[in-house]
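Student: Dropping a prediction and its sequence here:
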2 protein chains.
Amino acid sequence: MPPKDSTSATRAALLDAARREFAAHGIAGARVDRIAELAGVNKERIYGHFGNKEKLFDAVITDALDDLTAQIALPGADPVDYVTRLSAYYDKHPEVVRLLMWEALNYRGQELLPGQETRVERCRRKNASLAEGLGQEPSAGTARTLFVLTGLALLPSMLPQLARIMVGEGDGEHEALREHVSAFTAAALSTAGGRHDSGAPPLPPS
Amino acid sequence: MPPKDSTSATRAALLDAARREFAAHGIAGARVDRIAELAGVNKERIYGHFGNKEKLFDAVITDALDDLTAQIALPGADPVDYVTRLSAYYDKHPEVVRLLMWEALNYRGQELLPGQETRVERCRRKNASLAEGLGQEPSAGTARTLFVLTGLALLPSMLPQLARIMVGEGDGEHEALREHVSAFTAAALSTAGGRHDSGAPPLPPS
DNA sequence: TTGACAGCCAACTGGTTGGTTGGCTAGCGT
DNA sequence: ACGCTAGCCAACCAACCAGTTGGCTGTCAA
């Protein structure tokens, strides 16, 4: 057989090419032939290594999420900084955001897929970390806050066109928007000691 | 020719079927044959009425956004209520959210497409309304706030799986999440008179 | 009455696509 | 030295799919 690291190199090349292709065109739009060509290997290798198109996509997602988890520390004591860091990561890796969107659109209404336990566990850990940072016990309320924080960090990279339409596209505008998101988060968390589970807090002057 | 309203009925049936199909599978994943069958008309009618698959998608989006604009009043004096209303609309029309996501993934990096002026104008109006509600002049800052508000309203419907993973899926949980988003918004806007353009406001207790 | 045309459809087309097959090659154990 | 096998590839295949064609029908204007 070829040198052992050759096969893992093939696999890595395929994963990399697949990441680009899937990020650009989604699962249905991605072309297996293009992925193989971009990776510089034969199409059949995809089936040898991953089974089929969809499993390749799963491998790409898992890969991307592992990297993200390794790079971004838990919310910890400073949730606002967490949003800032997350947001910066997404800004630097727009393909990851696109992959997550394609995936979100793909699996709908399904129950928790096997293999999602890793994600659930990660979220549990983040929730625990966030709760500790807020000086509370982990609860549905802190989990909801975690969801909002995660979503806020995603927004600018998820909806770049909407951002362009709404706030224009001068240079530095994207950065300014991300800062605005962080400031918005800070403002929300600084009210009522970070608790806002129900009951509408005071409204702004009308 | 057949009765005049028959052709418009055909067109409407196609638009409706296309909305479902596109929402479910996206542009690349949608099947023209399926749309025609679901609408109960011949496939060729799609080309007669709309030109091609992509133009049909554009028509679907335009249709959906017109409806949304007609149903949701401007932010006006109560931005938090605006988020609540928007969020409720998206909750009631999940296909619209999915259509917007497919569209966001489809057109990337492009300049403002012709025909987008309508959207720009609508955003301008919303921004003016929001600024008035906040007692400010319309500015990049208010536009950024508008972006965040719009995004916050979208989040629960955009990322239902993430919500499930993070906060579970008990009944009423989705509603609770939307309320949390509204409360979060209220908390943010009640700080510093709704202004948070730059410079981080005080952080929550660590 | 008639002819022209818009709306509609069944059947067709040819390029594309995910996935397979059979054979070749190079490294490993013996 | 040598056969066995994992990794790889060129060529192939059948299903699929967006878009087209040619003909039929009912309506309206003249």
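Tutor: It's in. Residues are numbered from 1 along each chain as shown, chains lettered A, B, ... in the order given.
Student: domains of chain A?
Tutor: Taking automatic domain parsing as the reference, chain A has its domains at A:1-59, A:72-192.
Student: Name the stretch among these that sits most buried.
Tutor: Counting by mean count of other Cβ atoms under 10 Å in any protein chain shown, domain A:72-192 has the highest mean neighbour count of the domains of chain A, with a mean of 19. (Each C-beta comes from the backbone N, C-alpha and C, glycine too.)
Student: where exactly do the helices run in chain A?
Tutor: Listed in chain order, the helices of chain A (DSSP state H) span A:4-29, A:32-39, A:44-50, A:53-71, A:79-92, A:94-106, A:117-134, A:140-158, A:160-167, A:173-189.
Student: Kindly format the C-alpha coordinates of the last one as PDB.
Tutor: C-alpha atoms of helix A:173-189 as PDB (Å, rounded to 0.1, in the frame of the first residue of the first chain):
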ATOM      1  CA  GLU A 173     -18.600  49.000   8.900                       C
ATOM      2  CA  HIS A 174     -18.600  45.300   9.500                       C
ATOM      3  CA  GLU A 175     -16.200  45.800  12.500                       C
ATOM      4  CA  ALA A 176     -18.400  48.600  13.800                       C
ATOM      5  CA  LEU A 177     -21.400  46.300  13.600                       C
ATOM      6  CA  ARG A 178     -19.700  43.600  15.600                       C
ATOM      7  CA  GLU A 179     -18.700  46.200  18.200                       C
ATOM      8  CA  HIS A 180     -22.300  47.400  18.300                       C
ATOM      9  CA  VAL A 181     -23.500  43.800  18.900                       C
ATOM     10  CA  SER A 182     -21.000  43.500  21.800                       C
ATOM     11  CA  ALA A 183     -22.100  46.800  23.300                       C
ATOM     12  CA  PHE A 184     -25.800  45.800  22.900                       C
ATOM     13  CA  THR A 185     -25.000  42.600  24.800                       C
ATOM     14  CA  ALA A 186     -23.200  44.500  27.500                       C
ATOM     15  CA  ALA A 187     -26.100  46.800  27.900                       C
ATOM     16  CA  ALA A 188     -28.600  44.000  28.200                       C
ATOM     17  CA  LEU A 189     -26.500  42.000  30.700                       C
END
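Student: Now do it and helix A:79-92, the angle between them.
Tutor: Relative orientation of helix A:173-189 versus helix A:79-92 (axes from the mean of the first three to the mean of the last three Cα atoms, to 10 degrees): 160 degrees.
Student: Tell me which other helices or strands helix A:173-189 touches.
Tutor: For helix A:173-189, the packing partners by 3 or more Cβ pairs under 8 Å, 6 or more residues apart in numbering or on different chains; DSSP states H and E come out as helix A:79-92, helix A:140-158, helix A:160-167, helix B:140-158, helix B:173-189.
Student: okay, the first one in PDB with CA atoms only?
Tutor: Taking C-alpha atoms only, helix A:79-92 is exported to PDB below (Å, rounded to 0.1, in the frame of the first residue of the first chain):
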ATOM      1  CA  PRO A  79     -19.900  36.800  28.700                       C
ATOM      2  CA  VAL A  80     -19.600  40.000  26.700                       C
ATOM      3  CA  ASP A  81     -16.100  39.100  25.800                       C
ATOM      4  CA  TYR A  82     -17.300  35.700  24.900                       C
ATOM      5  CA  VAL A  83     -19.600  37.200  22.300                       C
ATOM      6  CA  THR A  84     -16.800  39.400  21.000                       C
ATOM      7  CA  ARG A  85     -14.500  36.400  20.600                       C
ATOM      8  CA  LEU A  86     -17.100  34.200  19.000                       C
ATOM      9  CA  SER A  87     -18.100  37.000  16.700                       C
ATOM     10  CA  ALA A  88     -14.500  37.600  15.700                       C
ATOM     11  CA  TYR A  89     -14.000  33.800  15.000                       C
ATOM     12  CA  TYR A  90     -17.100  33.700  12.800                       C
ATOM     13  CA  ASP A  91     -15.800  36.800  11.000                       C
ATOM     14  CA  LYS A  92     -12.500  35.100  10.300                       C
END
